[in-house]
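**Q** using only what follows, build the 3D model:
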Amino acid sequence: MKRLLALLLITTFACGVFLKTTNAFNQPNTFVRTANYFLLSGTELEKPETIRTLSQFNLIVIPLEAQVYNQDFFKTIRSQNKNIIILAYVPTVSWNDLYWTDPLHQAQYPEIQQDWWLRDANAKQVSVWPNTRALNLNSGWSDYLAHYVKDKVLSTGLWDGIFYDEVQDSISWVGTVDVDQNGVNDSALTADQIWAKKYTDLFSQTRALIGQDAIMITNGSSNPAFAPYVNGRMFETFPSSTNTLAEWKGTTQDYLTQQKQVGYQNVDIVNVNSDNTGIKDNYQKIRFGITTTLLGNGYFGFDFGTNSHNQLWTYDEYPIALGAPKTTYKNVYDPAKTVIDQGVWKRDFERGRVLVNATSSTVTVPLDGDFEKIHGAQDPTINDGSIVSEITLASKDGIILLRPIDKITKAPFRNGAFARIFNATGKTKRTGFFAYDSHFKGGIQIEYIDWNHDGRLDTIVADSTTVRVFDADGNLHATFMPYGETYKNGVNIAVAPLEPNGEYKIVTGTLREKPIVKIFDLEGKPLITGFYAYDKNFRGGVNVSVADLNGDGSKQIVTAAASQGGAHIRMFNRNGRLLSPGFFAYAKTFNGGAYVATGDVDGDKKDDIVTGMGIGGAPEVRVFDKTGKLKSSFFAGEKTKKTGIKIATSDLDEDGTMEIIALTTDVFTLSVFR
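**A** Predicted structure coming up:
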């Protein structure tokens, strides 16, 4: 049963409402889907760090009072996560005398009729939780609550739906009650039958009032009679208070069955907790819960327990992009088995696999191929990023495995380079690999990109003189020499749409010689005469990239002096007009130039400028905004090495944020990157 409201933090009333712009439960199951059951409002929901952390979840349940105290919260958090689902916490039975001092509930209280309270035959009021009084669903309260949800809650336009708490299909467990209000205590059978029937009526009436699009989930019961009217339920304290394998089996069966029975698109929450201990680093328990959740299509949460729901805990598994499910859950050792039981279970996704060991023994599972453990900081003994072909799992444990990345897409790279993958702050995100295409010579520049929009990756290559364009079947589409037949010093490329029509263009720069930038269509036809990114007497060449630095859909060409000069970064429009004087990515005294790439590496919806030190520099990577303000920096190898570091950016795991790819072709340095 859902616990009642934690301490309410009161702040100044905020005026005005806005309408939500998204109904996010139609989003594909691309990520590990997470939920946070956060029962604080007021000043806590005003804190930027609270909003920032809550925005990382896919679904949150917050107190109803937030619509009074925190109206700006809704707009702010949706600006950070447009697809977040926000549900209003609405108890179905209890009135909280201790904490409900807010204007919303104070205005509601006088509307409650005396015959709506749940009493026994002696007219004594009944409580289902300390400091609360229970209302009788077999009264006008049920009709009132359904209309209250429609008229006072969802009418604000702030919420995606409601979270009905305390839902049980029995009431006799509280003791003697007079549910039918005839002056005589009911038998347990009579009380429970009426109670379940009135819950069904409440859900039916609420659905009729709020329509099909609003989300309605419950907490406490999976009674099939409720299913036609709801989107799902929360499984609180999953799998149970004692966490036995037998209870795991029963609750997991209930969870996987529930999602097939509901009458609307399924929204289930599997909520595991610390058993009210506050121990947030029981990573095995967390993995067991989250991987069990991934056997179905629910949202996973982990918090303190029934005594508190106000945690901002996050885990290494949360941001993992698994892609869409490829299979349903399967028993590893008996694939024909379709009913959950104690055993070892798996489910395959586009970019990974989930394994659950719901047995009393440690097991070693062959994987039928190579998989990659996630790179984690919280439990690195398990999530160490290693490549494995089998996995050993302890009893009541689980693991998320990823399919290894072995190819750089949508970003240029030097054929044969070793690639290491980082996030914006330099944390290793995926295991490194050699980026090599045996169809082409080592050292030339390659980019795999769907330039003809047919859903398949095509190939564009640039060598010392020539750019060649191939389709996905390997047919040569075009070939051209950007700088003429006599030029043989290498070509840098960046491939991207420069205009809203989505047509790809090829931007070229000289690897050495004069720093001339040119733009071509996919047939090799020049679109501009070319321009000097730096002084025409400079002989160090120019590295190029294409970015949307303003986040408005317009594209800019970003350049870096390639060698023999300062690490000077400049921005141009597609006609070659200089947009700003630029900035130096490293000390002005450094004359090895810089490598440059662009992309949204920090998730702020604006492309960043990413640089690597050029020849003679350390393998230092830096991230800047469009003004040259430094956002982060890190070393992608040993600081003592002076070979520089080539870089690229691409969303390799398709999680919506670019990864930084550090590339090296120095054989000795490669050993550092393994």
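
**Q** and stretch 468-477, what's its mean pLDDT?
**A** Computed over stretch 468-477, the mean pLDDT rounds to 97.

**Q** any chance you could map the helices in the stretch 151-300 of the chain?
**A** Listed in chain order, the helices of the stretch 151-300 of the chain (DSSP state H, counting those that start in this stretch) span 188-210, 245-261, 283-295.

**Q** among those helices, which is the most enclosed?
**A** Most buried of these, by mean neighbour count (mean count of other CB atoms under 10 Å): helix 283-295, with a mean of 24. Yep, even glycine has a C-beta here, placed from its N, CA and C like the rest.

**Q** show residues contacting that helix.
**A** With contact meaning CB atoms under 8 Å, 6 or more residues apart in numbering, helix 283-295 is reached by 32-33, 238-239, 243, 248, 252, 255-256, 270, 272, 299-300, 302, 315, 317, 322, 329, 340, 345, 347, 354-356, 358, 378-379, 382, 394, 396-400.

**Q** which ChimeraX command selects the buried ones in these?
**A** Restricted to buried positions by 16 or more other CB atoms under 10 Å, the ChimeraX selection for the contacts of helix 283-295 reads:
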select :32,33,238,239,243,248,252,255,256,270,272,299,300,302,315,317,322,329,340,345,347,354,355,356,358,379,382,396,397,398,399,400
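
**Q** just the helices in the chain please.
**A** For the chain, applying DSSP state H gives helices covering 48-54, 66-69, 71-80, 103-108, 140-148, 188-210, 245-261, 283-295, 667-673.

**Q** by mean pLDDT, show me the worst of those helices.
**A** helix 667-673 - the lowest mean pLDDT of these, at a mean of 35.

**Q** with distance to Ala336 added, can I get the helices of the stretch 151-300 of the chain in CSV?
**A** Formatted as CSV, the helices of the stretch 151-300 of the chain follow (distance: least, CB to CB, whole Å):
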stretch, distance to Ala336
helix 188-210, 36
helix 245-261, 17
helix 283-295, 17
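
**Q** which one of these lies nearest to Asp97?
**A** With CB to CB, the closest approach to Asp97 among the helices of the stretch 151-300 of the chain belongs to helix 188-210: 22.4 Å.

**Q** which strands and helices sit next to that closest one?
**A** Using 3 or more CB pairs under 8 Å, 6 or more residues apart in numbering; DSSP states H and E, the elements in contact with helix 188-210 are helix 140-148, strand 161-165, strand 215-219.

**Q** how about low-confidence regions in the protein?
**A** 1-30, 666-674 (pLDDT under 70).

**Q** including mean neighbour count, could the helices and strands packed on helix 188-210 go into a markdown table?
**A** Shown next, in a markdown table, are the helices and strands packed on helix 188-210 (neighbours: other CB atoms under 10 Å):
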| stretch | mean neighbour count |
| --- | --- |
| helix 140-148 | 17 |
| strand 161-165 | 26 |
| strand 215-219 | 25 |
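
**Q** nearest to Leu511, of those?
**A** Of the helices and strands packed on helix 188-210, nearest to Leu511 by CB to CB is strand 215-219, at 55.1 Å.

**Q** what lines up beside that closest one in the sheet?
**A** Sheet pairing for strand 215-219, assigned by DSSP bridges, gives strand 161-165 (parallel), strand 232-235 (parallel).

**Q** relative to helix 140-148, how tilted is the first one?
**A** Put plainly, it is strand 161-165. On the basis of axes from the mean of the first three to the mean of the last three CA atoms, to 10 degrees, strand 161-165 is oriented at 160 degrees to helix 140-148.

**Q** contact partners of strand 161-165?
**A** Taking CB under 8 Å, 6+ apart as the rule, strand 161-165 contacts 1-2, 4, 61, 85, 87-92, 149, 153-154, 202-203, 206, 210, 214-220, 231, 234.

**Q** ok, the last one next?
**A** Here strand 232-235 makes contact (CB under 8 Å, 6+ apart) with 2, 37, 61, 163, 167, 217-222, 251, 254-255, 258-259, 262, 266-271, 298.

**Q** hmm, try it at 6 Å
**A** 217-219, 255, 262, 266-271 (CB atoms under 6 Å, 6 or more residues apart in numbering).

**Q** which one among those residues gets closest to Ser554?
**A** Using CB to CB, the contacts of strand 232-235 come closest to Ser554 at Val267, 37.8 Å.

**Q** what's the local residue count around the closest one?
**A** Neighbour count of Val267, defined by other CB atoms under 10 Å: 27.

**Q** now Asn81: closest residue in space, sequence neighbours ignored.
**A** Excluding the flanking residues, the one nearest Asn81 by CB to CB, 6 or more residues apart in numbering is Ser55, at 4.3 Å.

**Q** tell me the contacts of the one you found?
**A** Contacts of Ser55 (CB under 6 Å, 6+ apart): 77, 80-81.

**Q** and the nearest residue to Ala472 once chain neighbours are set aside, how many neighbours?
**A** Excluding its sequence neighbours, the residue lying closest to Ala472 (CB to CB, 6+ apart) is Arg456, at 3.7 Å. When neighbours are counted by other CB under 10 Å, Arg456 registers 11.
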